[in-house]
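1. Give me a 3D structure for the following:
(one chain, ligands or ions: 1)
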Amino acid sequence: MPLQIAIDGPAASGKTTVARMVAQRLGILYLDTGAMYRALAYVALQMKTDVDNGPALARLYEKHPLHVTLDESSPLGFRIRALGRELGDDVLHSPEVTAVVSTVAAHAEVRDMLVPAQRELAAQGSVVMAGRDIGTVVLPHAQVKIYLDASVAARVERRRAQIEAAGGRIDAELLAQELAERDALDRTRAVSPLEPAAGAHIIDSSAMTAAQVVDEVCAIAQRAARGGA
Ligand code: DC
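-> Okay, here's the model as predicted:
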């Protein structure tokens, strides 16, 4: 039976780093579902679609669908094409996209489009999927569910290190405020809010390295594969 590992948690909790490392270690597929919401937000900005209008975003997706392929050898570990081009991390994590993506992701019409697409991708084989509603909605039968949390201070510090490593600069206070705002939107939205799935293993990674979290997730996955929880 294919193994499904769902990793949910707030922004910058380390989900995508950990999910990709777990997938590499286990030799299985990987998808960061946040990238799909980001890709749709990008298409909306490009096509000047109102990000507050759920039905318009659904029509936009029908006209300009996202083409996602799970490909470990690609820079992100998967490829997303839209509007005739492959979208890189620079586009998906641009400040413009980040500013509107929580609004885009909050619409039921958008989730009704993207969740079935994510389930179809998961059906390709054993997979690690990262997001906000993977254990609760997208893959409710996943054998392994992880809720990866971290303090705001730890998340700001990680994001700062990432941005500075790429040669950028950030205002830590502004970043903390932006993370708190996005968390609030993701946790309080009416449709599929961010919350730990029933049976999820809650890991607080504030004082852990990514490698330590990966070890713990893989140990949980091994126990699940042997039939334990
Ligand atoms: O993980 P991220 O920051 O790239 O996610 C971008 C946005 O997409 C975030 O505001 C929450 C939303 N999202 C979601 O609603 N459901 C998912 N499965 C993944 C992301």
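2. What's opposite Asp149 in the beta bridge?
-> Taking DSSP bridges as the rule, Asp149 bridges to Asp204.
3. That one touches Asp8, doesn't it?
-> No: if you go by C-beta atoms under 8 Å, Asp149 and Asp8 don't touch, sitting 9.7 Å apart. Using the backbone N, CA and C atoms, a C-beta is placed for each residue, glycine as well.
4. okay, those two: which has more neighbours?
-> Set side by side, Asp149 and Asp8 show more neighbours around Asp8, with 27 against 18, by other C-beta atoms under 10 Å.
5. Quick one: distance of stretch 103-120 to the chain centre.
-> Taking C-alpha atoms, centre = their mean, to the nearest Å, one finds stretch 103-120 lying 13 Å from the centre of the chain it belongs to.
6. what comes into contact with that stretch?
-> Stretch 103-120 is contacted by residues 31, 33, 36-37, 40-41, 44, 51-52, 54-55, 57-58, 61-62, 66, 68, 129, 131-134, 137-139, 185-186, 189-192 when judged by C-beta atoms under 8 Å, 6 or more residues apart in numbering.
7. just the CA coordinates of that stretch, formatted as CSV?
-> What follows is stretch 103-120, C-alpha atoms only, in CSV (Å, rounded to 0.1, in the frame of the first residue of the first chain):
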residue,chain,number,x,y,z
THR,A,103,-6.7,35.6,0.7
VAL,A,104,-6.7,33.4,-2.4
ALA,A,105,-6.4,30.2,-0.4
ALA,A,106,-9.4,31.1,1.9
HIS,A,107,-12.0,30.8,-0.9
ALA,A,108,-14.0,27.5,-1.0
GLU,A,109,-14.2,27.8,-4.8
VAL,A,110,-10.4,27.7,-4.9
ARG,A,111,-10.0,24.8,-2.6
ASP,A,112,-12.7,22.9,-4.5
MET,A,113,-10.3,23.1,-7.5
LEU,A,114,-7.0,22.5,-5.9
VAL,A,115,-7.8,19.8,-3.4
PRO,A,116,-8.9,17.2,-6.0
ALA,A,117,-5.8,18.1,-8.1
GLN,A,118,-3.6,17.4,-5.0
ARG,A,119,-5.4,14.1,-4.4
GLU,A,120,-4.7,13.0,-8.0
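8. residues of it that come out buried?
-> By neighbour count with 16 or more other C-beta atoms under 10 Å, stretch 103-120 contains the buried residues 103-107, 110-111, 113-115, 117-118.
9. swap in stretch 44-54?
-> By neighbour count with 16+ other C-beta under 10 Å, stretch 44-54 contains the buried residues 44-45, 49, 51, 54.
10. now do stretch 67-84
-> Quick answer for stretch 67-84 (16+ other C-beta under 10 Å): 68, 70, 76-80, 82.
11. Is the ligand within reach of that stretch?
-> No: under the criterion of C-beta under 6 Å from any ligand atom, the ligand is not reached by stretch 67-84; the shortest gap measures 11.2 Å.
12. Show me how far stretch 197-207 is from its chain's centre.
-> 16 Å.
13. Over to that stretch now: how far is its first residue from its last?
-> This stretch, stretch 197-207, spans 23 Å end to end (C-alpha to C-alpha, to the nearest Å).
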